[in-house]
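Novice: Got a predicted structure plus its sequence, pasted below:
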Amino acid sequence: MKKYTMTLADGTQLENLSLNGNNYISNTPVTADMFVGNCSPVTVSDGETEIVYENAVLVQITERDDDWWFILREMTLQEIREMKIRSDIDYIAMMTGTDLEEA
(Lines give C-alpha, C1' and ligand atoms only; values in the text may rest on other atoms or scores of the structure.)
Protein backbone atom coordinates (compact mmCIF):
# COMPACT_ATOMS: atom_id res chain seq x y z
CA MET A 1 0.00 0.00 0.00
CA LYS A 2 1.35 3.41 -0.97
CA LYS A 3 2.08 5.91 1.77
CA TYR A 4 1.71 9.63 1.23
CA THR A 5 3.22 12.74 2.75
CA MET A 6 1.16 15.93 2.78
CA THR A 7 2.93 19.25 3.19
CA LEU A 8 0.78 22.20 4.23
CA ALA A 9 1.54 25.82 3.32
CA ASP A 10 3.45 26.48 6.56
CA GLY A 11 5.67 23.42 6.03
CA THR A 12 3.80 21.15 8.44
CA GLN A 13 4.05 17.57 7.21
CA LEU A 14 1.48 14.84 7.72
CA GLU A 15 3.34 11.60 7.06
CA ASN A 16 2.52 7.94 6.50
CA LEU A 17 -0.93 8.72 5.13
CA SER A 18 -2.98 6.09 3.35
CA LEU A 19 -5.52 6.90 0.67
CA ASN A 20 -8.97 5.34 0.37
CA GLY A 21 -10.94 6.94 -2.45
CA ASN A 22 -10.57 10.66 -1.73
CA ASN A 23 -10.00 10.13 2.01
CA TYR A 24 -6.53 10.52 3.44
CA ILE A 25 -6.07 8.35 6.53
CA SER A 26 -3.69 9.22 9.36
CA ASN A 27 -2.88 7.16 12.43
CA THR A 28 -1.91 10.36 14.27
CA PRO A 29 -4.43 13.04 15.26
CA VAL A 30 -5.49 15.51 12.58
CA THR A 31 -7.53 18.59 13.53
CA ALA A 32 -9.34 21.23 11.50
CA ASP A 33 -7.15 23.90 13.13
CA MET A 34 -4.14 22.47 11.29
CA PHE A 35 -5.70 23.51 7.97
CA VAL A 36 -7.02 26.99 8.82
CA GLY A 37 -5.20 29.48 6.59
CA ASN A 38 -2.76 26.73 5.68
CA CYS A 39 -4.09 25.21 2.44
CA SER A 40 -2.57 27.36 -0.28
CA PRO A 41 -0.67 25.41 -1.43
CA VAL A 42 -0.87 21.82 -0.19
CA THR A 43 1.48 19.26 -1.72
CA VAL A 44 0.86 15.51 -1.59
CA SER A 45 3.62 13.09 -2.55
CA ASP A 46 3.92 9.31 -2.67
CA GLY A 47 7.66 9.51 -3.28
CA GLU A 48 7.22 9.16 -7.03
CA THR A 49 4.49 11.60 -7.99
CA GLU A 50 3.40 14.88 -6.52
CA ILE A 51 0.02 16.59 -6.53
CA VAL A 52 -0.24 20.28 -5.68
CA TYR A 53 -3.54 21.79 -4.52
CA GLU A 54 -3.15 25.53 -5.12
CA ASN A 55 -6.31 26.52 -3.22
CA ALA A 56 -7.47 23.59 -1.13
CA VAL A 57 -10.22 23.46 1.45
CA LEU A 58 -10.80 20.89 4.15
CA VAL A 59 -14.09 19.11 3.53
CA GLN A 60 -14.26 16.98 6.68
CA ILE A 61 -12.34 15.07 9.32
CA THR A 62 -13.70 11.92 10.91
CA GLU A 63 -12.09 9.91 13.71
CA ARG A 64 -12.66 6.21 13.15
CA ASP A 65 -11.03 3.27 14.94
CA ASP A 66 -8.03 5.34 16.16
CA ASP A 67 -7.48 6.74 12.66
CA TRP A 68 -8.33 10.18 11.30
CA TRP A 69 -9.94 10.24 7.86
CA PHE A 70 -9.97 13.58 6.10
CA ILE A 71 -10.81 14.99 2.69
CA LEU A 72 -9.37 17.99 0.88
CA ARG A 73 -10.61 19.46 -2.37
CA GLU A 74 -9.56 22.22 -4.71
CA MET A 75 -11.68 25.37 -4.52
CA THR A 76 -13.75 26.14 -7.60
CA LEU A 77 -13.08 29.25 -9.67
CA GLN A 78 -16.44 30.59 -8.52
CA GLU A 79 -15.46 30.20 -4.85
CA ILE A 80 -12.17 31.98 -5.50
CA ARG A 81 -13.96 34.82 -7.31
CA GLU A 82 -16.46 35.19 -4.44
CA MET A 83 -13.63 35.36 -1.90
CA LYS A 84 -11.89 38.04 -3.97
CA ILE A 85 -15.07 40.09 -4.28
CA ARG A 86 -15.72 39.80 -0.54
CA SER A 87 -12.16 40.82 0.20
CA ASP A 88 -12.48 43.84 -2.09
CA ILE A 89 -15.75 44.88 -0.45
CA ASP A 90 -14.25 44.55 3.03
CA TYR A 91 -11.23 46.64 1.96
CA ILE A 92 -13.39 49.40 0.47
CA ALA A 93 -15.57 49.42 3.58
CA MET A 94 -12.51 49.71 5.81
CA MET A 95 -11.02 52.53 3.72
CA THR A 96 -14.30 54.50 3.72
CA GLY A 97 -15.19 53.81 7.36
CA THR A 98 -18.34 51.93 6.35
CA ASP A 99 -19.83 49.47 8.84
CA LEU A 100 -21.08 46.52 6.82
CA GLU A 101 -22.92 45.13 9.85
CA GLU A 102 -25.37 48.04 10.02
CA ALA A 103 -28.94 47.21 9.08
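Specialist: Here it is on my side, so go on.

Novice: Okay, buried residues for stretch 35-45 please.
Specialist: 35, 38-39, 42, 44 (16 or more other C-beta atoms under 10 Å). All C-beta atoms are positioned from the backbone trio N, CA, C, and that covers glycine.

Novice: What is the nearest of those to residue 77?
Specialist: Closest approach between these and residue 77, by C-beta to C-beta: residue 39, at 16.2 Å.

Novice: Could you report the pLDDT at the closest one?
Specialist: Residue 39 is assigned a pLDDT of 94 by the prediction.

Novice: what's near enough to touch the residue nearest to it when sequence neighbours are not counted?
Specialist: Counting by C-beta to C-beta, 6 or more residues apart in numbering, the nearest residue to residue 39 once its immediate chain neighbours are dropped is residue 56, at 4.0 Å. Listed by C-beta atoms under 8 Å, 6 or more residues apart in numbering, the contact set of residue 56 reads 39-42, 72-75.
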